[in-house]
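**Q** Here is a sequence with its predicted model. Questions after.
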Amino acid sequence: MSDPSTGSGHRLPAVVRHDDLPSRITIYEVGARDGLQNEKTAIDTGVKADLITRLLDAGLSPVEATSFVHPKWVPQLADAKQLMEELVDRLGDRARELPVLVPNEKGLDRALELGLRHIAVFGSATETFANKNLNQTFDGQWAMFEPTMTRAKDANMTVRGYLSMCFGDPWEGQVEIAKVVEAGKRLLDLGADELSLGDTIGVATAGHVKALIKAFEEEGVPTERLALHFHDTYGQALANTLAGLQCGVTTYDASAGGLGGCPYAKSATGNLATEDLLWMLDGLGIEHGVDLDKVADTSSWLAGHLGRPSPSAVVRALRS
């Protein structure tokens, strides 16, 4: 890192290592998909491709690129096919390693046509959100996922399972831990390689995070199969991340600049900012392989295209 006195590079937190925390973690970057999906102003496909290329150059991997959802539901991602084709032109075979979200078999067909190797499906821990987000019942969603996931596994693709509303639902209120574990295990039983537990509306607190992880462990799901996806609605995302680290979880979803939201849950604000996560990890001495300066520069650059400052506290501090 650069010396802060030279005016280049970022100030460094003091490193205080804790032996009870993982030595290295994986950041699953969702800014290009989850971060942009709720933006009202159309973003040029080339800008999206630039964003993904810059995030990869900063050392982030995986970087989730887009979603093959119907344009009617998420207009911002209507250019998914064009984006992936442009990335293949730029990055070659490396672009086929970028994960994409697929809602159903039609989305899987589009991913297979492009030769992509990693997909994600998006389930719900609650009845109401399954209806609003998937037009399915809680039980019906599994029947929808089963053929998509089976075909993906038969094609030697890896499948990530997102589970939303794991800590609270804006329509149903608190969500029972047992219900979340039931839903998560059903995704894993269908073939998900990894399960990302989402605090979609940002209401989780550290004790709740630990209790949920413990409940999965008691049902035979190791922390190696789990990832955590926090929103910062109430400013708890980093505290919740630390709770997850104390439980041994080593994969965390984050969005460059803290962008994000959910088109079907209006109370869902930005994701955990990648830069804020990196600053905390640096202070804890946890390896991650990502260049914080490059990510912050990218978020500042993207903020210019979006016409507003980055929501990330670390980006604001570093670029002030």
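**A** Nice, thanks for sending it over.
**Q** Go through the strand or helix carrying D50 and flag the buried ones.
**A** Mapping D50 onto the secondary structure by DSSP states H and E places it in helix 45-57. Neighbour-count burial for helix 45-57 flags T45, K48, A49, D50, L51, I52, T53, R54, L55, L56 (criterion: 16 or more other CB atoms under 10 Å). Yep, even glycine has a C-beta here, placed from its N, CA and C like the rest.
**Q** how about the residues you listed in JSON lines, adding pLDDT and distance to L187?
**A** Compiled in JSON lines, the buried residues of helix 45-57 are given as follows (pLDDT from 0 to 100; distance: CB to CB, whole Å):
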{"residue": "T45", "pLDDT": "97", "distance to L187": "31"}
{"residue": "K48", "pLDDT": "98", "distance to L187": "28"}
{"residue": "A49", "pLDDT": "98", "distance to L187": "30"}
{"residue": "D50", "pLDDT": "98", "distance to L187": "33"}
{"residue": "L51", "pLDDT": "98", "distance to L187": "28"}
{"residue": "I52", "pLDDT": "98", "distance to L187": "26"}
{"residue": "T53", "pLDDT": "98", "distance to L187": "31"}
{"residue": "R54", "pLDDT": "98", "distance to L187": "31"}
{"residue": "L55", "pLDDT": "98", "distance to L187": "26"}
{"residue": "L56", "pLDDT": "98", "distance to L187": "27"}
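**Q** Closest to G285 out of those residues?
**A** Minimum distance to G285 across the buried residues of helix 45-57 is 23.5 Å, recorded for L55 (CB to CB).
**Q** now stretch 62-71, how far from the centre of its chain.
**A** 11 Å (CA atoms, centre = their mean, to the nearest Å).
**Q** just stretch 221-229 next, same as before
**A** Stretch 221-229 has its C-alpha centroid displaced from the chain centroid by 13 Å (CA atoms, centre = their mean).
**Q** next SSE after the helix or strand of the chain with the lowest mean pLDDT?
**A** None of the helices or strands of the chain scores lower by mean pLDDT, DSSP states H and E than helix 127-134, at a mean of 91. Proceeding N to C from helix 127-134, the next assigned helix or strand is helix 140-154, under DSSP H and E.
**Q** Could I get the CA-only coordinates of the helix or strand just after that following helix as CSV?
**A** For helix 140-154, the following helix or strand on the C-terminal side (DSSP H and E) is strand 158-164. What follows is strand 158-164, C-alpha atoms only, in CSV (Å, rounded to 0.1, in the frame of the first residue of the first chain):
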residue,chain,number,x,y,z
THR,A,158,-22.1,-24.9,-10.2
VAL,A,159,-25.3,-23.6,-8.6
ARG,A,160,-25.6,-21.0,-5.9
GLY,A,161,-28.8,-20.8,-3.9
TYR,A,162,-29.9,-17.4,-2.7
LEU,A,163,-32.4,-17.4,0.1
SER,A,164,-34.1,-14.1,0.8
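**Q** Strand 158-164 - contacts with which helices or strands?
**A** strand 118-124, helix 140-154, helix 177-189, strand 194-199 (3 or more CB pairs under 8 Å, 6 or more residues apart in numbering; DSSP states H and E).
**Q** Using JSON lines, please lay out those together with mean pLDDT, mean neighbour count and distance to H305.
**A** As requested, those are exported to JSON lines (pLDDT from 0 to 100; neighbours: other CB atoms under 10 Å; distance: least, CB to CB, whole Å):
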{"stretch": "strand 118-124", "mean pLDDT": "97", "mean neighbour count": "24", "distance to H305": "25"}
{"stretch": "helix 140-154", "mean pLDDT": "96", "mean neighbour count": "18", "distance to H305": "33"}
{"stretch": "helix 177-189", "mean pLDDT": "98", "mean neighbour count": "18", "distance to H305": "35"}
{"stretch": "strand 194-199", "mean pLDDT": "98", "mean neighbour count": "25", "distance to H305": "26"}
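**Q** still on that earlier bit, in JSON lines: the buried residues of helix 45-57, plus distance to A239.
**A** JSON lines is the format used below for these (distance: CB to CB, whole Å):
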{"residue": "T45", "distance to A239": "37"}
{"residue": "K48", "distance to A239": "31"}
{"residue": "A49", "distance to A239": "35"}
{"residue": "D50", "distance to A239": "33"}
{"residue": "L51", "distance to A239": "28"}
{"residue": "I52", "distance to A239": "29"}
{"residue": "T53", "distance to A239": "32"}
{"residue": "R54", "distance to A239": "29"}
{"residue": "L55", "distance to A239": "25"}
{"residue": "L56", "distance to A239": "29"}
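**Q** And the residues you listed, which is closest to S67?
**A** Using CB to CB, K48 comes nearest to S67 of the buried residues of helix 45-57, at 12.0 Å.
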